[in-house]
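**Q** turn this into a structure:
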Amino acid sequence: MKLLKKKLLFSLLIDQPGQEFEYHDYHYLYYRTSEFNPGSARDAVNELVTEAAIDRLSRNRRAFFRLTSAGREILLKNLHPEARQGQWDRRWRIVIVNKIGVALRPFQRELDRLGYRRLSRGVYLSAANVSVQTREILMKNHWLNQAAVIESRGLVGSDDQILARNLWQLEKLGEEYDQFITLAQRLLSSGRRNLVLLQQAKFGFKAVFDAYFKLVCLDPGLPKPLLPPNWRGEEAKSLFFRLVDLAKTAKI
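**A** Got it, this is the predicted structure:
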């Protein structure tokens, strides 16, 4: 999925977490995707309406849009699958690939979509419960004789947390979370005193929105046993949604 479409869906998803999605106009969407040309954003919105990912409502010659259940599923499928699963079953899914030739690159993209990371040449690892989906991809593309799927409760001589930290570069991602939290806390404090500050170009709500959207796209959503003890993902999420509420008050 193209980044613009993903960001449009995310803009509508975060509006009312856990509740009915509200309708919003083009201005709402343009603001959250202002780094893109408005014409491109409009075309992407129309495509998403055609795909039934967004519902359109016309009122007084103005168009309003809200996310559909199908749109929510489309967005979640384009984020990492670990973020959508429950408690970890403490099993690693391992794919060992023989030579697939020119088909290797699309196969790697499919593995990435399912949350796999490359451990070594021809060996891919995932913490998500995606064995069935992996085998379906192999069958669909006639790759069963060229790759194997294995489930394991652990890898010999490897600590699960250390393995996850290295595979998904969690140390670097953790630093980005720290930077986001600093930015969000500063804006939340100042924005409560003066809502106009939410609209500033450099450190306003748009900057926080972009930073958190980037984190959502980067975060593999690993289960808690695989995360560092000082992981601040939930703290960042809480701060972000508090700022979303503040942005509503400021009518942004």
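
**Q** hey, C-alpha coordinates of stretch 216-231 in CSV?
**A** Extracted as CSV, the C-alpha positions of stretch 216-231 are listed here (Å, rounded to 0.1, in the frame of the first residue of the first chain):
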residue,chain,number,x,y,z
VAL,A,216,3.5,3.0,14.0
CYS,A,217,4.9,2.0,10.6
LEU,A,218,8.3,1.0,12.1
ASP,A,219,7.2,-0.7,15.3
PRO,A,220,6.9,-4.5,14.7
GLY,A,221,4.5,-4.7,17.6
LEU,A,222,6.4,-7.5,19.3
PRO,A,223,4.9,-9.2,22.4
LYS,A,224,6.0,-7.9,25.8
PRO,A,225,8.4,-10.8,26.6
LEU,A,226,10.5,-9.8,23.6
LEU,A,227,10.7,-6.1,24.4
PRO,A,228,13.4,-4.4,26.4
PRO,A,229,12.4,-3.7,30.0
ASN,A,230,12.4,0.0,29.5
TRP,A,231,10.2,0.0,26.3
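
**Q** start at 826, not 1
**A** Sure, I'll start counting at 826 from here, so that last one is stretch 1041-1056.

**Q** any idea of the mean pLDDT for it?
**A** Across stretch 1041-1056, pLDDT averages out at 91.

**Q** so how far is that stretch off the chain centroid?
**A** Distance of stretch 1041-1056 from the chain centroid (C-alpha atoms, centre = their mean, to the nearest Å) equals 13 Å.

**Q** and what of stretch 969-985?
**A** 26 Å.

**Q** need the longest helix for this protein.
**A** The longest helix of the chain (DSSP state H) is helix 995-1018.

**Q** can you list the buried residues in the helix or strand that that helix is followed by?
**A** As assigned by DSSP states H and E, the chain's next helix or strand after helix 995-1018 is helix 1030-1043. Going by neighbour count (16 or more other C-beta atoms under 10 Å), the buried part of helix 1030-1043 is 1030-1034, 1036-1038, 1040-1041. Every residue, glycine included, has its C-beta placed from N, CA and C.

**Q** tilt between helix 1030-1043 and helix 995-1018?
**A** Interaxial angle of helix 1030-1043 relative to helix 995-1018 (axes from the mean of the first three to the mean of the last three C-alpha atoms, to 10 degrees): 150 degrees.

**Q** which other helices and strands does helix 1030-1043 contact?
**A** Under the contact criterion of 3 or more C-beta pairs under 8 Å, 6 or more residues apart in numbering; DSSP states H and E, helix 1030-1043 touches helix 828-838, helix 851-857, helix 995-1018, helix 1058-1074.

**Q** list the contacts of Cys1042.
**A** Neighbouring residues of Cys1042 by C-beta atoms under 8 Å, 6 or more residues apart in numbering: 831, 904.

**Q** how far away is it from Ser1014?
**A** 27 Å (C-beta to C-beta, to the nearest Å).

**Q** repeat that for Ala877.
**A** 41 Å.
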